[in-house]
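Engineer: Need coordinates for the following:
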Amino acid sequence: MSNLRIPVLEALKVPTPPLSVQREVAEVLGSIDDRITLLRETNATLEAIAQALFKSWFVDFDPVRAKMEGRAPEGMDEATAALFPDALEESELGWVPKGWQAGSLDTIFELNPKRTLKKDVQAPYLDMAGVATSGHCADTPISRAMGSGSKFRNGDTLLARITPCLENGKTAFVDFLEDGETGWGSTEFLVLRPKAPWPDYYAYLLCRHPAFREYAIQSMSGTSGRQRIQNDVLGRYLLPIAPDSVAVAFGSIVEPIQQAIAANHQTAQTLSTLRDTLLPRLISGQLRLPEAQAATEAALGGALQA
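Structural biologist: Model prediction:
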């Protein structure tokens, strides 16, 4: 046949299951999609809560201002409220809570901390495309022989340092590796990790804050189209440094939030894989609908428990 004529195509008979079965299949797959959407929306809400707390404590100093006005700080117990002073004082940054310091980022952060990973060893690899412009969750890394690139572990924050990725907001929190495992990725990742006792998630929340991002973007240097932020320049970023007790209290609140986001993301990935596995098997008849429903109910039950 030199060409394929439309009437021939129109005459082809394609086997299809009864409409009732089609609807049941759509219902099964739709229930999975609904759960994935709900998990993603929940994660967006959880991260917004963490960002709001970061801004309240370390940008607006709401607990301090409340005590200055004779009010009890909202949303915290007496022990946590007692960690905050009832006055502000001038600093290089302007007004900061009394007793806090205005210091450079490299005072409480490690920038590109040393990680050991031998060349050509297979290890989890994450490229720039796998980092989202919003939300802390990255794509699942692939296994690749170590070449040239950044190295990171769970608890690190990855910040895209080059244009336009920095402006686009590409930032990720590393929570997808095995315990003690080292991953690697793009040379254009800048790896940040807070020093103890600052919680790991503090770095991610800082990197998402508009004032920090504006500083990083405005401080890029290099040729047009290849501009990037340098380590030493980022290390000079000034920020208010609270006492260790405040850092520990902040971590006790945001770390469970980070863990919940990670768990929800993992569940959403599991459901996505299940959906993509069920669809072709249902269409081909390899899998019966009751079996698909049982697998879906088991997966959704796990998602509901998470």
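Engineer: average pLDDT across stretch 253-262?
Structural biologist: Mean pLDDT, computed over stretch 253-262, is 97.
Engineer: Would you mark the buried spots in that stretch?
Structural biologist: By 16 or more other CB atoms under 10 Å, the buried positions in stretch 253-262 come out as 253-254, 257-258, 261-262. All C-beta spots, glycine's among them, are computed from the backbone N, C-alpha and C.
Engineer: what's the answer for stretch 60-80, then?
Structural biologist: 61-67, 73, 76, 80.
Engineer: rewinding a little: which pair of the buried residues of stretch 253-262 spans the longest distance?
Structural biologist: Across the buried residues of stretch 253-262, the longest distance by CB to CB is 16.0 Å; it joins Ile253 and Ala262.
Engineer: hmm, back to that, return the subset of the buried residues of stretch 253-262 lying in helices.
Structural biologist: 253-254, 257-258, 261-262 (DSSP state H).
Engineer: Turn the residues you listed into a markdown table, including distance to Gln218.
Structural biologist: Output for those, formatted as a markdown table (distance: CB to CB, whole Å):
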| residue | distance to Gln218 |
| --- | --- |
| Ile253 | 31 |
| Val254 | 27 |
| Ile257 | 30 |
| Gln258 | 29 |
| Ile261 | 29 |
| Ala262 | 32 |
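Engineer: out of those residues, who's nearest Asp200?
Structural biologist: Among those, Gln258 lies closest to Asp200 (CB to CB), at 7.8 Å.
Engineer: Contacts only, for the residue nearest to the closest one when sequence neighbours are not counted.
Structural biologist: Counting by CB to CB, 6 or more residues apart in numbering, Tyr201 is the residue found nearest to Gln258 once chain neighbours are left out, at 4.6 Å. Tyr201 makes contacts with 50, 173, 251, 254-255, 257-258, as judged by CB atoms under 8 Å, 6 or more residues apart in numbering.
Engineer: would you turn those residues into CSV with distance to Ser91?
Structural biologist: Putting the contacts of Tyr201 into CSV (distance: CB to CB, whole Å) gives the following:
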residue, distance to Ser91
Ala50, 25
Phe173, 29
Gly251, 24
Val254, 25
Glu255, 28
Ile257, 29
Gln258, 29
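Engineer: and the two most separated of these?
Structural biologist: Within the contacts of Tyr201, Phe173 and Gly251 form the most distant pair, 13.8 Å apart (CB to CB).
Engineer: Those two: which has the busier surroundings?
Structural biologist: Neighbours were counted for Phe173 and for Gly251 using other CB atoms under 10 Å; Phe173 has more, 25 against 19.
Engineer: residue closest to the middle of the chain?
Structural biologist: Nearest residue to the geometric centre of the chain (CA atoms, centre = their mean): His136, 0.8 Å.
Engineer: quick one: the strands in the protein?
Structural biologist: Assigned by DSSP state E, the chain shows strands spanning 88-91, 94-97, 101-104, 109-111, 122-126, 142-145, 150-152, 157-160, 171-173, 183-185, 189-194, 238-241.
Engineer: now for those, which one comes closest to His209?
Structural biologist: Of the strands of the chain, nearest to His209 by CB to CB is strand 238-241, at 9.5 Å.
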